[in-house]
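Novice: Have a look at this prediction, sequence included:
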Amino acid sequence: MAITNIFADTLSSLGHAVKPSPLKDMQLAFFNQTLASDIGLMPSIGSKDKLLPWLLSPTTPFTKKAFAQKYGGHQFGQWNPELGDGRGVLLCEVADEKGAVTDLHLKGAGPTPYSRHADGRAVLRSTLREYIGSEALHHLGIPSSRSLAMFTSNDTVYREQAEDGAMMIRTAPSHIRFGHIEYFHYTQQKDKLDALFDFIFTHHFSECLTATNPHAALLKAIVLRTARLVSLWQTYGFVHGVMNTDNMSIHGLTFDYGPYAFMDTYQEDAVFNHSDYSGRYAFNQQPGIALWNLNALAHGFSTYCSVEEIKGALTLFEPTFIAHYQGLMVERMGLPTNDEGVALMQEFISIINSEQQDYTRIFRRLALAQHDLLPTNLRDDFVDRSRFDRWYQRYLKCVSPQDMLSLNPSLVPRTHVLEEAIANARQGNLDFAQALLDAVKTPFSTSWDDHAFSTPPTSTHKVSLSCSS
Ligand code: AMP
Ligand code: MG
């Protein structure tokens, strides 16, 4: 049997067994057949029609050992030990043919011991945003949790207003967050921390076991993965919105989607989370915050590693981030990875910043122009044409012919387009959401170049996203 409960069985003291509690009239809205096959789920469950019945009964392979994980986290810089799966449960793990293990986690599953008087639910709005957003990032080449299935319901969930309840099953290699390690370290539960690390080494980072100090190797691996992840966010203009350490995956993938957004107009200090008053998680703060979070995580390694080993791992962040970010940015512009390439890239950012250009669109148009696919003159996109001309002359001397379309997406899930999908879904119509979901799977296709999904919002559209999801 490819379905297991290894976390719940071997780490039963690191959380609580909790059965998911169904919503009224649940319906399967989306199912990711390709992902189900890739992770080895399809032969195990037989057909997608089993999915909902398997959630509704307490004794099925999905529910019999469902488990709410305990963790803590630094939220907006403050340590909070009171966290955990408050509205989600780990259903089980699935193994593929090669033995690679994937978690199935049900979000919006009802109250758990970590719900802190909240309802344990998720609303249609945020569930749809996460469902589409995580698939979009994956297909852009940005590591992310994935979306396996989404369920709608006729249940009402109360937030700032009455909303429809929904659930989704998401997948990730594991749901272990920085906050898991932090919690068992800060509460001085050394035996549980040992068991957690054993689990991580055995099932996810076995390559670290051959190192002189496996814990130091693990910390280094997490630092490198996180640096690469954030370099991709910065490259494509993604703002996570709530980079608390309980929302950071040890696997270095995008995790716990909340008030995230892709920037429309370029703004280096863009903030979309309306609860982020100080701009702690602004676009240009993300690399520094990732390092801050890694520093918080590193405390959890302090009984296993020397100060030198910890410093050695953390100091890898900045050069790794810069090398990856600059490498990705010059590559998407067809430029060489040298000083001139980097200078041209930085000048382009400066131009689009002062011109308030749409970030995704202008890079796509630069790429289309190099492929002779732009029907208009690129310089017409700019107000300060003499500045653009000066830059473009230098650029044309440096750019080398290569495939730029596959590095500059035509389509990212723009907030105003997601809002249209949500508005339709609230009326019971999922066709728009389905079309957007299909579209985000081919973000580099020319099909979207003149499509409404890729059109920037009108200038009056102010994006401010609620954290209450
Ligand atoms: P989030 O803001 O979704 O990252 O959640 C932060 C913490 O609050 C986690 O421990 C969540 O499980 C918990 N939480 C968020 N929303 C709810 C809810 N509606 N019911 C119970 N717990 C929640
Ligand atoms: Mg979270």
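Specialist: It's in. Ligands and ions are numbered 1, 2, ... in the order given.
Novice: how about the residues of the stretch 101-250 of the chain near ligand 2?
Specialist: Selection of the stretch 101-250 of the chain residues close to ligand 2 by Cβ under 5 Å from the ion yields residue 247. Glycine gets a C-beta too; all of them are placed from N, C-alpha and C.
Novice: Now the stretch 101-250 of the chain against ligand 2: closest residue?
Specialist: residue 247 (4.5 Å; Cβ to the ion).
Novice: pLDDT averaged over stretch 62-77, what's the number?
Specialist: For stretch 62-77, mean pLDDT is 98.
Novice: Give me the neighbour count for the residue of the stretch 101-250 of the chain closest to ligand 2.
Specialist: Other residues lying near residue 247 total 20 when counted by other Cβ atoms under 10 Å.
Novice: thinking it is in contact with residue 177, fair?
Specialist: Yes. Counting by Cβ atoms under 8 Å, residue 177 is a contact partner of residue 247 at 7.0 Å.
Novice: Give me the common contacts of the two.
Specialist: 73, 255 (Cβ atoms under 8 Å, 6 or more residues apart in numbering).
Novice: so where do the strands sit in the stretch 101-250 of the chain?
Specialist: 101-107, 122-123, 146-158, 162-172, 238-239 (DSSP state E, counting those that start in this stretch).
Novice: tell me what the fourth one is packed against?
Specialist: Applying 3 or more Cβ pairs under 8 Å, 6 or more residues apart in numbering; DSSP states H and E, we find strand 162-172 packed against strand 101-107, strand 122-123, helix 124-140, strand 146-158.
Novice: Quick one: closest of these to residue 261.
Specialist: The closest of the helices and strands packed on strand 162-172 to residue 261 is helix 124-140. By Cβ to Cβ, the value is 9.2 Å.
Novice: quick one, the closest one and strand 146-158 angle?
Specialist: Here helix 124-140 runs at 170 degrees with respect to strand 146-158, directions being taken by axes from the mean of the first three to the mean of the last three Cα atoms, to 10 degrees.
Novice: what about helix 124-140, average pLDDT?
Specialist: According to the model, helix 124-140 has a mean pLDDT of 98.
Novice: what does stretch 382-397 give?
Specialist: Per-residue scores along stretch 382-397 average to 98.
Novice: try stretch 317-332
Specialist: Mean predicted lDDT for stretch 317-332 stands at 98.
Novice: Show residues contacting that stretch.
Specialist: For stretch 317-332, using Cβ under 8 Å, 6+ apart, the contacting residues are 223-224, 226-228, 230-232, 234-235, 287, 290-291, 294, 336-337, 341-342, 344-345, 363, 367, 404, 407-408.
Novice: And the buried ones among those, selectable in PyMOL?
Specialist: Of these, the buried ones go into a single PyMOL selection, burial set by 16 or more other Cβ atoms under 10 Å:
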select buried, resi 223+224+226+227+228+230+231+232+234+235+287+290+291+294+341+342+344+345+363+367+404+407+408
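Novice: burial measure for the residue nearest to residue 120 when sequence neighbours are not counted, as a count.
Specialist: In this structure, residue 120 finds its nearest non-sequential neighbour in residue 111, 3.8 Å apart by Cβ to Cβ, 6 or more residues apart in numbering. For residue 111, the neighbour count with other Cβ under 10 Å is 17.
Novice: hang on, residue 111 packs against residue 88?
Specialist: No. With contact defined as Cβ under 8 Å, residue 111 does not reach residue 88; the gap is 11.0 Å.
Novice: Spell out which residues of the chain are next to ligand 1.
Specialist: 83-87, 114-115, 118-121, 247, 256, 258 (Cβ under 6 Å from any ligand atom).
Novice: possible to save those as a markdown table with pLDDT?
Specialist: Listed next are the residues of the chain next to ligand 1 as a markdown table, based on pLDDT from 0 to 100:
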| residue | pLDDT |
| --- | --- |
| 83 | 98 |
| 84 | 98 |
| 85 | 98 |
| 86 | 98 |
| 87 | 98 |
| 114 | 98 |
| 115 | 98 |
| 118 | 97 |
| 119 | 97 |
| 120 | 98 |
| 121 | 98 |
| 247 | 98 |
| 256 | 96 |
| 258 | 97 |
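Novice: Now, those residues that are in helices?
Specialist: Secondary structure from DSSP state H places none of those in helices.
Novice: Restricted to buried residues, select these in PyMOL.
Specialist: PyMOL command restricting the residues of the chain next to ligand 1 to the buried ones, with burial defined by 16+ other Cβ under 10 Å:
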select buried, resi 83+84+85+86+87+114+115+120+121+247+256+258
